[in-house]
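1. Mind looking at a prediction? Sequence and model below.
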Amino acid sequence: MFTKEQIQSFNEENDIKTVGDIQNALKKLFASRVQEFMEAELDTHLGYAKHDTKNKKTSNSRNGKMPAKTVMTELGDIVLPGNSSRRSSRSIRMISLA
């Protein structure tokens, strides 16, 4: 549940004037949450958080960015940056980017 103040803040931050503006803002919000899930999944797969080399106990590591992927959702297509492990041993469980 959101308060009126939170909704007002969301509207101001996203310059919402039309229904289309709401849909675009929700699409961006959804895409950023999916990206956070995917980054957390990679952290779990590798056993350490990004930039946390102190706790890295594997020879596998992040391999920069892969080409972006377009994912079809009910909100419309969203583009997600592709993250990869050096050995490409990670299979994304949250979302299939086939």
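-> Now that the structure is in, tell me what you want to look at.
2. Low-confidence bits of this protein, can you list those?
-> Across the chain, the ranges flagged by pLDDT under 70 are 51, 55-66, 82-98.
3. Do a quick rundown of the helices in the chain.
-> Using DSSP state H, the helices of the chain run over 4-13, 19-46.
4. For residue 68, find the nearest of those helices.
-> helix 19-46 (10.7 Å; Cβ to Cβ). For glycine as for every other residue, the C-beta is placed from the backbone atoms N, C-alpha and C.
5. tell me which residues in that closest one are buried?
-> Under the neighbour-count criterion of 16 or more other Cβ atoms under 10 Å, helix 19-46 has 24, 25, 27, 30, 31, 34, 38, 41, 42, 45, 46 buried.
6. The residue nearest to the second one when sequence neighbours are not counted: neighbour count?
-> With Cβ to Cβ, 6 or more residues apart in numbering as the criterion, residue 25 has its nearest non-adjacent residue at 3.9 Å, and that residue is residue 14. When neighbours are defined as other Cβ atoms under 10 Å, residue 14 has 15 of them.
7. how near is residue 14 to residue 50?
-> 27 Å (Cβ to Cβ, to the nearest Å).
8. Could you do residue 11 as well?
-> Residue 11 is 32 Å from residue 50, by Cβ to Cβ.
9. Many thanks, we can stop here.
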